[in-house]
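1. Generate coordinates for the sequence data below:
(one chain, ligands or ions: 1)
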Amino acid sequence: MLSDFTITRVRKSRIGEVDFDNLPFGYVFSDHMFTMAFADGRWHSPEIVPYGPIQLEPGAAMLHYGQTAFDGLKAFRGPDGVARIFRPEMNARRLHDSCAALCMPTVDAEVFCQAIVALIELDHAWIPQKEGQSLYIRPLLIGTEVHLDVRPDRTFRFFIISAPVGAYFDQSAGGVSLKAEDRYTRAAAVGGLGFAKTSANYAASMLAAEEAREEGFDQVLWLDSNEHRYVEEVGAMNIFFKIGGTVITPPLGGSILPGVTRDSLMTLLRDRGVPVEERRIAIDEVMDALRSGAMEEIFGAGTGAVVSPVARLQYRGEALALENVPGPLTRDLYAELTGIQTGRLPDRHGWNLRVPLPQAEAVAAAAR
Ligand code: COI
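-> Residues are numbered from 1 along each chain as shown. The predicted structure is shown next:
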């Protein structure tokens, strides 16, 4: 597999400098990255090179008009020394959809998966193994043409970088606190880009997120842009409510990111016989259920967030808290999902792309 790409290895690995006991989310990057270029209507020059700076002119239109799309997935190393990449073909499909919406060329799913496997084969020692840790993989596609005309670029570059990570949310407070946002909008309800993983959606979320942080909340719970009435998502994760034994999550309507973890949890819930409804849910219904005690659990789902319990929600100045967080279903789903991802539990849906590692190296890495 590795022989399919030109590979330039680092002269000296940086891995010895990394404190694997204290991994923040997304501040440390592995030794290598995959990259290829697009010009004259085709991708060319796929290669793996040392992770490092890239050159871009300030006149590159992408820096101004935002032709960028990215994705996020994870690799795990199980006790059996096998690396597992979780559902990469779904991320390939989502990146395809994001790129199509942004007039950017798409990357073939097979090439996408091959590139990730090649990178994992090379940087497998960077897959951390402690509970809650993984190697986060970030594919990124950007325009590279230099011009100030507002039109799609003609040249692009695709990267795949990876980062050993711990939990995205600090869970020391017992669960995530959310502020339902009734003023700002993350994404248009119809005809917008909310389903795409593109920088615009994240840029649009920052002011509200900063205000929420200053008020003591971890994240914003976004409501629909038309009425600020229906729950959409959290920005870093999709949202689930368990009310009266049924799990409810907002339907994908174009303004919500189609989460791979969201999809996986709905499958696991159905496997367990838990009723799941994908339906519009008004923030008033959520607050009523919290007030009456009918709300049993709230949790978010995302590649970074995994399954994150929500402990507190504020809407229009009224803050309500859940008791006994994380709830039993949140805990079970976290354990089942991460069990499948790490190979501790059977992969009955065939979600993992397995990358066998050289035995001696796997044993050495396990001892680290
Ligand atoms: C992911 O979960 O992959 C994301 O891109 C969310 C990001 C906030 C880490």
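2. Every contact and neighbour count from this point should use C-alpha atoms.
-> Noted.
3. Where do the helices of the stretch 151-300 of the chain begin and end?
-> Using DSSP state H, counting those that start in this stretch, the helices of the stretch 151-300 of the chain run over 199-203, 206-214, 260-271, 283-292.
4. I'd like those laid out as CSV, including distance to residue 21, mean pLDDT and mean neighbour count.
-> Output for those, formatted as CSV (distance: least, CA to CA, whole Å; pLDDT from 0 to 100; neighbours: other CA atoms under 10 Å):
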stretch, distance to residue 21, mean pLDDT, mean neighbour count
helix 199-203, 29, 96, 15
helix 206-214, 26, 97, 16
helix 260-271, 25, 98, 17
helix 283-292, 37, 98, 16
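5. Mind putting these into JSON lines with distance to the ligand?
-> Listed next are the helices of the stretch 151-300 of the chain as JSON lines, based on distance: least, CA to the nearest ligand atom, whole Å:
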{"stretch": "helix 199-203", "distance to the ligand": "8"}
{"stretch": "helix 206-214", "distance to the ligand": "11"}
{"stretch": "helix 260-271", "distance to the ligand": "9"}
{"stretch": "helix 283-292", "distance to the ligand": "23"}
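6. Next one: the nearest residue to residue 194 once chain neighbours are set aside relative to the ligand, how far apart?
-> Computed as CA to CA, 6 or more residues apart in numbering, the closest residue to residue 194 that is not its neighbour in sequence is residue 255, at 3.8 Å. To the ligand, residue 255 is 16 Å away according to CA to the nearest ligand atom, to the nearest Å.
7. Show me the chain divided up by domain.
-> The chain is divided into the following domains under automatic domain parsing: 6-169+346-367, 175-325.
8. Between the two ends of the shortest one, how far is it?
-> Between the opening and closing residues of domain 175-325 lies a distance of 7 Å (CA to CA, to the nearest Å).
9. how much distance is there from it to the middle of the chain?
-> 15 Å (CA atoms, centre = their mean, to the nearest Å).
10. again, but for the first one
-> In this view, domain 6-169+346-367 has its centroid 12 Å away from the chain centroid, taken as CA atoms, centre = their mean.
11. Now the closest residue to the ligand within the stretch 101-250 of the chain: phi and psi?
-> Closest residue of the stretch 101-250 of the chain to the ligand, CA to the nearest ligand atom: residue 236 (4.1 Å). Residue 236 adopts backbone torsions of phi -100, psi 0, taken as degrees, to the nearest 10.
12. Could you check how far it is from residue 134?
-> Taking CA to CA, one finds residue 236 at 17 Å from residue 134.
13. These two: which is more packed in?
-> Taking other CA atoms under 10 Å, residue 236 and residue 134 do not tie; residue 134 has more neighbours (25 against 20).
14. thinking again about what came up before, just confirm the residue of the stretch 101-250 of the chain closest to the ligand contacts residue 306, I think it does.
-> No. Using CA atoms under 8 Å as the test, residue 236 is too far from residue 306 to be in contact (10.2 Å).
15. Tell me how many other residues crowd residue 216.
-> Residue 216, neighbours per other CA under 10 Å, totals 12.
16. thinking again about what came up before, a markdown table please, covering the helices of the stretch 151-300 of the chain and showing distance to residue 232.
-> A markdown table is the format used below for these (distance: least, CA to CA, whole Å):
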| stretch | distance to residue 232 |
| --- | --- |
| helix 199-203 | 13 |
| helix 206-214 | 15 |
| helix 260-271 | 13 |
| helix 283-292 | 10 |
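17. List the contacts of the residue of the stretch 101-250 of the chain closest to the ligand.
-> For residue 236, the contacting residues are 302, 304, 305, by CA atoms under 8 Å, 6 or more residues apart in numbering.
18. can you list the residues of the stretch 1-150 of the chain near the ligand?
-> With CA under 6 Å from any ligand atom as the criterion, the stretch 1-150 of the chain comes near the ligand at residues 72, 73.
19. So which residues on the stretch 201-350 of the chain come close to the ligand?
-> 236, 302, 303, 304, 305.
20. if I look at the residue lying farthest from the centre of the chain, how far off is residue 177?
-> Largest separation from the mean C-alpha position in the chain: residue 292, at 33.0 Å (CA atoms, centre = their mean). Counting by CA to CA, the gap from residue 292 to residue 177 is 19 Å.
21. Equivalent analysis for residue 44, please.
-> Residue 44 is 45 Å from residue 177, by CA to CA.
22. Of the two, which one has the most company?
-> residue 177 (23 against 13).
23. Next up, the contacts around the more buried one.
-> Residues in contact with residue 177 (CA under 8 Å, 6+ apart) are 217, 218, 219, 310, 311, 312, 313.
24. Could you find the closest non-adjacent residue to residue 116?
-> residue 160 (7.3 Å).
25. Check whether that neighbour really touches residue 137, as I assumed.
-> Yes. Using CA under 8 Å, residue 160 makes contact with residue 137 at a distance of 6.9 Å.
26. Tell me which of these two has more neighbours.
-> The neighbour count for residue 160 versus residue 137, taken as other CA under 10 Å, is higher for residue 137 (26 against 23).
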